[in-house]
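Trainee: requesting a structural model of the entry that follows:
(one chain, ligands or ions: 3)
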Amino acid sequence: MFNIYIETYGCQMNFADSEVVASLLTKRGCSLVGEAEKADYILINTCAIRDNAEQRIRKRLHELRALQQRRPALRIGILGCMAERLQHRLMTEEENVSFVVGPDSYRRLPDLLDKVRQPGIKEAATELSTTETYSDIEPVRLGGNGISAYISIMRGCQNYCAYCVVPYTRGRERSRDPETIVAEARSLASQGYKEVTLLGQNVNSYRWRNSSGQNGLEDEVTFPELMRRVAEVSPQLRVRFATSHPKDLSDDLLRVMASYPNICKCIHLPVQSGSDRMLKLMNRHYDSAWYLDRIAAIRRFMPDCSITTDVIAGFCTETEEDHRQTLDIFRRVRYDYAYMFKFSMRPDTYAAKHLADDVPDDVKTRRLEEIIALQGQVALENNRTEIGRVFEILVEGESHRSREQLFGRTSQNKVVVFDRHDVKPGDYVFVKVCDCTAATLKGVLSDSCGTPLFG
Ligand code: SAH
Ligand code: SF4
Ligand code: F3S
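Mentor: Ligands and ions are numbered 1, 2, ... in the order given. Sure, this is the predicted structure:
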């Protein structure tokens, strides 16, 4: 059969989707290859979140022209959010694309691959679904380390944040059957995996109604309950999740997180802006007081929980005062990590239809740089307070710097680098932190009280 090369861009959801695609295609007899040069089909799973994400894909397509000239039988297909957003237009604009397949149509891929074998044939499958969750598909873990895996628990988003393209590229929100989620976690644990990350655009609104519940009553599974079930699969299996929306981060979830040692103490809580005026215009459904109340709740339930965020600089009409309020909320929360972005106007969104992209690019850049500088400082200060502390870490692999060193992550998702001795990836070990940068901790292997094991 065919050789398939899959290239993935964008968020964790897209990486999880590529694993579903790999599963669907290998079941039909296709083989996965690690190099574009060996492929009959190149599938590019794309992101549309910001304009530069799309420009990167366009550039990649141009690069692939040379390969396609050498190999006329090669077919290139675009999957994911950019396929959904642009549909047929993408095949008109990019001559070397033979097919586009949106996030809810991956089951059609095997048929489409057959159809586009014929020269000149172009195919698109971009219908969105209200029910598809690929719940019956056991993903093929791509490029993984055999230690940590993603489990998709829901799809789509209907929060319609004014700047965001995701509701248009991934459709209505729908939750996946909890039994299939727990079964996937069990299967991973039995294969030796040590960590799962439950994925959704807004995991707090996970909700599964089972109408055939006992006594004819509806039994409902919400996100805290799902977390409890996954955490109980094995105490050796760490559980993480992304992303939570601040508007409905509940005390119930925090209570469940606090009560299971294997639920990692790390919450990604995108703030987007510190200004109430901006938050309202962004349609985020919370204000800074609500957000800070949720931060206080996290700290109350889990004093050692790390908190990370996403922020956008230069959204429509943002003033210097709004920007100062963003810096201010960063100072107050003191995030351990932040993904920081310059606002990029996306077609079809509320902002594109009703607001002006009126913050000049150089102002956006300067504001972004100010946030980055502040965050770098805070992250370093936060890490310095970890020096002398002892953490249990899950070892993931070799450090990028040296083969003599390994790295692992704390429950708080901080990377710790240490001398390897006889430790292997997949092990849980204790380390005592002895040094740090803004991005990493350095540690020495120790016992659980911090007494060094070597020298
Ligand atoms: N569902 C997640 C976010 C998914 S997109 C959530 O709501 O938190 C990841 C991040 O990209 C967002 O949190 C936001 O900070 C950023 N982002 C989304 N649209 C953007 C745009 N048009 N311009 C710049 N950044 C954007
Ligand atoms: Fe986009 Fe908002 Fe949905 Fe996140 S919650 S994916 S930012 S619309
Ligand atoms: Fe990008 Fe789609 Fe994810 S737009 S961020 S790949 S949901």
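Trainee: next to ligand 1, which bits of the stretch 101-250 of the chain? Give me the list.
Mentor: 163-164, 166, 201-202, 243, 245 (C-beta under 6 Å from any ligand atom). To be clear about C-beta, it is placed using only N, CA and C from the backbone, and glycine gets the same treatment.
Trainee: how about stretch 311-320: buried residues?
Mentor: 311-316, 318 (16 or more other C-beta atoms under 10 Å).
Trainee: name the residues that touch it?
Mentor: With contacts defined as C-beta atoms under 8 Å, 6 or more residues apart in numbering, stretch 311-320 is touched by 162-163, 270-273, 275, 278, 281-282, 323, 326, 330, 338-343, 351, 355-359, 363-364, 367-368, 371.
Trainee: from those, which ones fall inside helices?
Mentor: 278, 281, 323, 326, 330, 351, 363-364, 367-368, 371 (DSSP state H).
Trainee: of all these, which two lie farthest apart?
Mentor: Farthest apart among the ones in helices among the contacts of stretch 311-320 by C-beta to C-beta are Phe330 and Ala351. That separation is 22.8 Å.
Trainee: what pairs with the helix or strand of the chain with the lowest mean pLDDT, parallel or antiparallel?
Mentor: Lowest mean confidence among the helices and strands of the chain (mean pLDDT, DSSP states H and E): strand 207-210, at a mean of 90. If you go by DSSP bridges, strand 207-210 pairs up with strand 219-222 (antiparallel).
Trainee: indicate the residue of the stretch 201-350 of the chain located nearest to ligand 2.
Mentor: Gln201 (4.0 Å; C-beta to the nearest ligand atom).
Trainee: pretty sure that residue sits in a helix.
Mentor: No: counting by DSSP: H, G, I helix; E, B strand; the rest coil, Gln201 is not part of a helix but coil.
Trainee: check contacts around the residue nearest to it when sequence neighbours are not counted.
Mentor: Leaving aside its sequence neighbours, Gln201 sits nearest to Cys157 (C-beta to C-beta, 6 or more residues apart in numbering; 3.9 Å). Contact analysis of Cys157 by C-beta under 8 Å, 6+ apart lists 164, 166-167, 170, 173, 201-202.
Trainee: just the contacts of stretch 311-320 that are near ligand 3?
Mentor: The subset of the contacts of stretch 311-320 within reach of ligand 3, by C-beta under 6 Å from any ligand atom, is empty.
Trainee: near ligand 2, which residues of the stretch 151-300 of the chain?
Mentor: 157, 159-161, 164, 166-167, 201-202, 245.
Trainee: which parts of the stretch 1-150 of the chain sit against ligand 3?
Mentor: Counting by C-beta under 6 Å from any ligand atom, the stretch 1-150 of the chain sits next to ligand 3 at 10-11, 13-14, 47-49, 80-81.
Trainee: let's go with 8 Å and repeat that
Mentor: Applying C-beta under 8 Å from any ligand atom, one finds that the stretch 1-150 of the chain approaches ligand 3 through 9-14, 45-49, 53, 80-82, 103.
Trainee: please, where are all the helices along the protein?
Mentor: Assigned by DSSP H, the helices in the chain fall at 12-27, 51-70, 80-86, 88-93, 109-115, 166-170, 178-190, 223-231, 251-259, 276-281, 288-301, 320-333, 350-354, 361-384.
Trainee: most packed of these?
Mentor: helix 80-86 (a mean of 26; mean count of other C-beta atoms under 10 Å).
Trainee: domain-wise, how is this protein divided?
Mentor: According to automatic domain parsing, the chain comprises the domains 3-125, 144-264, 267-385, 390-446.
Trainee: can you list those in a markdown table and add distance to Pro452?
Mentor: Listed next are the domains of the chain as a markdown table, based on distance: least, C-beta to C-beta, whole Å:
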| stretch | distance to Pro452 |
| --- | --- |
| domain 3-125 | 36 |
| domain 144-264 | 24 |
| domain 267-385 | 20 |
| domain 390-446 | 5 |
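Trainee: between those domains, which one is nearest to Tyr134?
Mentor: Closest among those, using C-beta to C-beta: domain 3-125, at 4.9 Å.
Trainee: what's the end-to-end length of that closest one?
Mentor: End-to-end span of domain 3-125 (C-alpha to C-alpha, to the nearest Å): 21 Å.
Trainee: just to revisit the earlier point, kindly reformat the helices of the chain as JSON lines containing distance to Lys265.
Mentor: Below are those laid out as JSON lines (distance: least, C-beta to C-beta, whole Å):
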{"stretch": "helix 12-27", "distance to Lys265": "19"}
{"stretch": "helix 51-70", "distance to Lys265": "31"}
{"stretch": "helix 80-86", "distance to Lys265": "31"}
{"stretch": "helix 88-93", "distance to Lys265": "42"}
{"stretch": "helix 109-115", "distance to Lys265": "39"}
{"stretch": "helix 166-170", "distance to Lys265": "27"}
{"stretch": "helix 178-190", "distance to Lys265": "19"}
{"stretch": "helix 223-231", "distance to Lys265": "13"}
{"stretch": "helix 251-259", "distance to Lys265": "7"}
{"stretch": "helix 276-281", "distance to Lys265": "26"}
{"stretch": "helix 288-301", "distance to Lys265": "9"}
{"stretch": "helix 320-333", "distance to Lys265": "16"}
{"stretch": "helix 350-354", "distance to Lys265": "35"}
{"stretch": "helix 361-384", "distance to Lys265": "14"}
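Trainee: so which of those comes closest to Thr130?
Mentor: Of all the helices of the chain, it is helix 166-170 that lies closest to Thr130, at 11.7 Å by C-beta to C-beta.
Trainee: what lies in contact with the closest one?
Mentor: Outside helix 166-170, the residues within contact range by C-beta under 8 Å, 6+ apart are 13, 48-49, 80-82, 84-85, 102-104, 128, 155-160, 201, 348-349.
Trainee: do the same with stretch 221-232
Mentor: Residues from elsewhere that reach stretch 221-232, judged by C-beta under 8 Å, 6+ apart: 153, 178, 181-182, 185, 196, 198, 203-208, 210, 237, 239, 241, 250, 252-253, 255-257, 260, 262-263.
Trainee: ok, the closest residue to Gly376 other than its chain neighbours - contacts?
Mentor: Spatial nearest neighbour of Gly376, chain neighbours left out: Ala438 (5.2 Å); criterion: C-beta to C-beta, 6+ apart. Applying C-beta under 8 Å, 6+ apart to Ala438 gives the contacts 376-377, 379-380, 383.
Trainee: just checking: which of these also lie near ligand 3?
Mentor: Among the contacts of Ala438, proximity to ligand 3 is found for none (C-beta under 8 Å from any ligand atom).
Trainee: quick one: those residues as JSON lines, columns for pLDDT too.
Mentor: Formatted as JSON lines, those follow (pLDDT from 0 to 100):
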{"residue": "Gly376", "pLDDT": "98"}
{"residue": "Gln377", "pLDDT": "98"}
{"residue": "Ala379", "pLDDT": "98"}
{"residue": "Leu380", "pLDDT": "98"}
{"residue": "Asn383", "pLDDT": "98"}
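Trainee: make JSON lines from these and add distance to Gln191 to it.
Mentor: Shown next, in JSON lines, are the contacts of Ala438 (distance: C-beta to C-beta, whole Å):
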{"residue": "Gly376", "distance to Gln191": "38"}
{"residue": "Gln377", "distance to Gln191": "42"}
{"residue": "Ala379", "distance to Gln191": "34"}
{"residue": "Leu380", "distance to Gln191": "38"}
{"residue": "Asn383", "distance to Gln191": "33"}
